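Engineer: What shape does this take:
(2 chains)
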Amino acid sequence: DAGITQSPRHKVTETGTPVTLRCHQTENHRYMYWYRQDPGHGLRLIHYSYGVKDTDKGEVSDGYSVSRSKTEDFLLTLESATSSQTSVYFCAISGRTSYGYTFGSGTRLTVV
Amino acid sequence: DQQVKQNSPSLSVQEGRISILNCDYTNSMFDYFLWYKKYPAEGPTFLISISSIKDKNEDGRFTVFLNKSAKHLSLHIVPSQPGDSAVYFCAASRYNFNKFYFGSGTKLNVKP
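Structural biologist: Sure thing, here's the model as predicted:
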């Protein structure tokens, strides 16, 4: 969607390798989030950021790390990918609670 | 433990009829609720919101009802259209906490 982009859109990687997903926004929003979507679980929060260098864990943070060195970029790293991390990953941004989030188009990650 | 639950994974309705999607939550501190709509291969998009000071909010064909005592909300779509076929997620938050918890989604199919 306009204002938020995720890269790559698709990735296949091998078990045990590190993977980094990127979220880039042009809205200058303070809050950024990483969610994963899995059948039967909906959207689950992995990590979120409330400012540059300010991050916190979500519901399913084990095996993931994040970094935010600039307002516009929020990186999600799988330190050593496992098959259980095969999922669709969504980045979201928020500047005003009353409108919730704006989501990116997602990254489909397959760990083989 | 899921704090927001959508117990119906799917719903099928005829075009022109009413669609009712349900959502339950367990955390009594939640006071702000959203519905999102998601098409395949796209990110979720914001549909409608409601705060706990209201019990109803309307936007065109979409109405959200909130029953705080039952910790239940529902989304009504009247009349349903084939273009409404999508996955619908409800989400809940404590206002100003800027962190939303999502349900597992309900896939709506509107038949022509």
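Engineer: how about the strands in chain B?
Structural biologist: B:4-5, B:10-14, B:19-25, B:32-38, B:45-51, B:56-59, B:62-67, B:72-77, B:86-93, B:101-102, B:106-111 (DSSP state E).
Engineer: what's the answer for chain A, then?
Structural biologist: For chain A, the strands defined by DSSP E cover A:4-7, A:10-13, A:19-25, A:31-38, A:42-51, A:54-57, A:64-70, A:73-78, A:87-94, A:102-103, A:107-111.
Engineer: Could you export these as CSV, including mean neighbour count, distance to chain B and mean pLDDT?
Structural biologist: For the C-beta atoms, the positions are set from N, CA and C on the backbone; glycine is no exception. Shown next, in CSV, are the strands of chain A (neighbours: other CB atoms under 10 Å in any protein chain shown; distance: least, CB to the nearest CB, whole Å; pLDDT from 0 to 100):
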stretch, mean neighbour count, distance to chain B, mean pLDDT
strand A:4-7, 18, 8, 96
strand A:10-13, 13, 10, 97
strand A:19-25, 19, 11, 97
strand A:31-38, 23, 5, 95
strand A:42-51, 21, 4, 93
strand A:54-57, 14, 9, 93
strand A:64-70, 16, 14, 97
strand A:73-78, 19, 14, 98
strand A:87-94, 23, 6, 95
strand A:102-103, 22, 3, 92
strand A:107-111, 18, 9, 97
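Engineer: Those into a markdown table, with extra columns for distance to B:L34?
Structural biologist: A markdown table is the format used below for the strands of chain A (distance: least, CB to CB, whole Å):
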| stretch | distance to B:L34 |
| --- | --- |
| strand A:4-7 | 17 |
| strand A:10-13 | 28 |
| strand A:19-25 | 19 |
| strand A:31-38 | 13 |
| strand A:42-51 | 12 |
| strand A:54-57 | 20 |
| strand A:64-70 | 23 |
| strand A:73-78 | 21 |
| strand A:87-94 | 11 |
| strand A:102-103 | 12 |
| strand A:107-111 | 23 |
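Engineer: By proximity to chain A, which residue of chain B wins?
Structural biologist: Relative to chain A, the nearest point of chain B is B:G43 (3.3 Å; CB to the nearest CB).
Engineer: Give me the pLDDT for that residue.
Structural biologist: As predicted, B:G43 sits at a pLDDT of 93.
Engineer: Can you name the residues that contact B:K38?
Structural biologist: B:44-45, B:86-89, B:105 (CB atoms under 8 Å, 6 or more residues apart in numbering or on different chains).
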